[in-house]
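Asker: Here is my input, please return the structure:
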Amino acid sequence: MTKAERGKALVTGASSGIGAATALALAADGWRVHATARRAERLAALAAEAGAVAHAIDATDEPAMRALVEAEGFDLIVANAGRGAAITGLSGFPPEEIASMIALNVTATIQLVAAALPGMAARGRGHVITVGSVSGLYPTGTALYGASKHAIRGLVRNLRLEGLGTGVRFTDIQPGRVSTEFYDVAIPDAAARAPIKETGIEELSPGDVAEAIRWAASLPPHVNISALELAPTGQAYGGARFAGR
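Answerer: Numbers count the residues shown, from 1 in each chain. Model (predicted):
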């Protein structure tokens, strides 16, 4: 796909981190970018920098998101909006906070994709890119967050089957540690956050992940990157733990 053939893209959760970097990368690559987020001031600044159209919408506002998708007919959707919670342990975590995170990380993504698919299928083209996580591939000790990302991984794998023959592509981007606000928001307690946040390695930047997204979206229509795992060189997953060691 050449730059002249780029279409209209939607990036959710675009006010910071991976979402903001993705909006900038796609705009630079010739996409006509629309960006959504709750933080209107940050979103407006990003839109001005990227030459994007800003929509101050909460990703969990299903009617508003559906109306936007149906009105614009996006060729590319990057479902990035999400957050972490219960990173230090699920035990005792408030039920309402569990429901809130699942609503954002899982339900909102499913609803967004469900709203976009009929139009994409009717046009015979389209691309849905979800921002998952290595926590959807491996046990990382984050039961709630990991469960939400396992759900997204399962969603994309099944959509590849469901959408076969429609011309719609589906990609799950699965980053490891990225230097963003993620842990600042996910772990309010600074003392508990410090040993988890400070890795001592060079982490991925939001731009690194955005480049993976840009690349997957730029490939010819007959090429589907179903999943792409990326992590810092200094980080690996696997192994085993033993109680008391």
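Asker: Flag every buried residue along the strand ranked longest in the chain.
Answerer: Using DSSP state E to define each element, the chain has its longest strand at strand 168-175. Within strand 168-175, the residues that count as buried by 16 or more other CB atoms under 10 Å are 168-175. Glycine gets a C-beta too; all of them are placed from N, C-alpha and C.
Asker: C-terminal to it, what's the next element?
Answerer: Using DSSP states H and E, the helix or strand that follows strand 168-175 in sequence is helix 182-186.
Asker: After that next one, which helix or strand is next? Please name it.
Answerer: Counting by DSSP H and E, what follows helix 182-186 is helix 190-197.
Asker: by contact count, what packs against that following helix?
Answerer: On a contact count with 3 or more CB pairs under 8 Å, 6 or more residues apart in numbering; DSSP states H and E, helix 190-197 meets helix 182-186.
Asker: Put the alpha carbons of the helix it packs on into CSV.
Answerer: The C-alpha trace of helix 182-186 is given here as CSV (Å, rounded to 0.1, in the frame of the first residue of the first chain):
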residue,chain,number,x,y,z
PHE,A,182,0.9,2.7,32.7
TYR,A,183,2.3,1.9,36.1
ASP,A,184,1.8,5.4,37.5
VAL,A,185,-1.9,4.9,36.8
ALA,A,186,-2.1,1.2,37.6
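Asker: Gly238 is in what secondary structure piece?
Answerer: Here Gly238 is assigned to no helix or strand, by DSSP H and E.
Asker: Could you tell me how many residues sit around it?
Answerer: Gly238 has 6 neighbours, counted by other CB atoms under 10 Å.
Asker: unless I'm mixing things up, it is touching Thr140, no?
Answerer: No: using CB atoms under 8 Å, Gly238 is not in contact with Thr140, being 10.7 Å away.
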